[in-house]
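Visitor: I would like to see how this sequence folds:
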Amino acid sequence: MPAPAATAKPGFPTASLDQSSVPGAIVRDGTIYLYFVDPVQGGRSGLSVAISTDGGATFRRQPIQLTAEKPQMADPNPVLLDDRRIRLYYFRSDAPPQPGAGLELLPHRIYSAVSQDGVHFTQEEGVRFTYDGITDPDVFRVGDRWVMLASQGRRQILATSDDGLTFTYQGEVDMGGSVSSTFPIAGVLTTFYCDDRGGISAAQTKDGATWSQGQPVLRNDNPLKQMLCDPTVVQLPNGTYKLFYKVAQPTMPTGGYPGGPDTAAEMPWGRASPPGRL
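Guide: Numbers count the residues shown, from 1 in each chain. Predicted coordinates:
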């Protein structure tokens, strides 16, 4: 059974998208593109996109089409390029399963693909970043420099790039959580992430190298105490911020990242806005 949507405080509207996980959202020319892992309707790629042209009041859901030798994708992170194309950074592990081995023993790779229409993607050549046990890329720009945070269990691995295509390891970032998405709030880069208390917190950065102490953003008032995770934030043309996130059972499989039956939910963050339907 899919988990019900959660709210930050009583009275805040939400909308749910069943059988989905790891949402990543972007706004282009007023249209919301919400990407997510979709094991039911995601087709060969394993991803779908929900597109809204009315500020999130309604969404149209369809599978992502990827032109690649291996079309499997997971953990999508969309970035809007200067030429208005959408680039998806995503995780795919090419390592064979090792029974009894933790995620930290497996080399994981982050790839990227680009699209004009937000639905049909072509994989870009090569690998963006390789590191043991990483998942969930979070890519953003600080000036002319590209920054990637990648989750390794409850840790964050930091990598940087001059071109957005070749990333180099820089170290670890301790935020008290992982699985993040970074977005400018009032001009300040703010990293939203799954915290160690089963909710969503946020920390700010000016340089993509150091972060402020994280502060709680969203706590679950649901008595079932499902975990809130996988946050992603967009800003609409009217100034409203929308926070999309996952609701999951608080299970911790090998490797230490959240799992269980998933629901992607949406709630207004910042100025209030009407509920959407996914």
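Visitor: Please list all residues in contact with the nearest residue to F129 once chain neighbours are set aside.
Guide: Take F129 and drop its neighbours on the chain: the residue closest to it by Cβ to Cβ, 6 or more residues apart in numbering is F167, 4.0 Å away. Glycine gets a C-beta too; all of them are placed from N, C-alpha and C. F167 is in contact with I110, R128, F129, W146, M148, A159, T160, S161, counting by Cβ atoms under 8 Å, 6 or more residues apart in numbering.
Visitor: Filter those residues down to the buried ones.
Guide: Among the contacts of F167, those buried by neighbour count (16 or more other Cβ atoms under 10 Å) are I110, R128, F129, W146, M148, A159, T160, S161.
Visitor: Next step: those residues restricted to helices.
Guide: Secondary structure defined by DSSP state H assigns none of the buried ones among the contacts of F167 to helices.
Visitor: Pull the number of nearby residues for the closest residue to E124 other than its chain neighbours.
Guide: Closest residue to E124 in three dimensions, ignoring its sequence neighbours and counting by Cβ to Cβ, 6+ apart: S112, at 4.8 Å. The tally of other residues near S112 (other Cβ atoms under 10 Å) stands at 22.
Visitor: Helix, strand, or coil at S112?
Guide: strand (DSSP: H, G, I helix; E, B strand; the rest coil).
Visitor: Now do the residue nearest to F129, the pLDDT please.
Guide: Looking at F167, its pLDDT stands at 98.
Visitor: List the strands paired with the strand or helix carrying K242, with their directions.
Guide: Taking DSSP states H and E as the criterion, K242 maps to strand 241-248. Sheet partners assigned to strand 241-248 using DSSP bridges are listed as strand 227-235 (antiparallel), strand 262-269 (antiparallel).
Visitor: With pLDDT and distance to S21 added, can I get the buried ones among the contacts of F167 in a markdown table?
Guide: Listed next are those as a markdown table, based on pLDDT from 0 to 100; distance: Cβ to Cβ, whole Å:
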| residue | pLDDT | distance to S21 |
| --- | --- | --- |
| I110 | 97 | 17 |
| R128 | 98 | 21 |
| F129 | 97 | 21 |
| W146 | 98 | 25 |
| M148 | 98 | 20 |
| A159 | 98 | 23 |
| T160 | 98 | 27 |
| S161 | 98 | 26 |
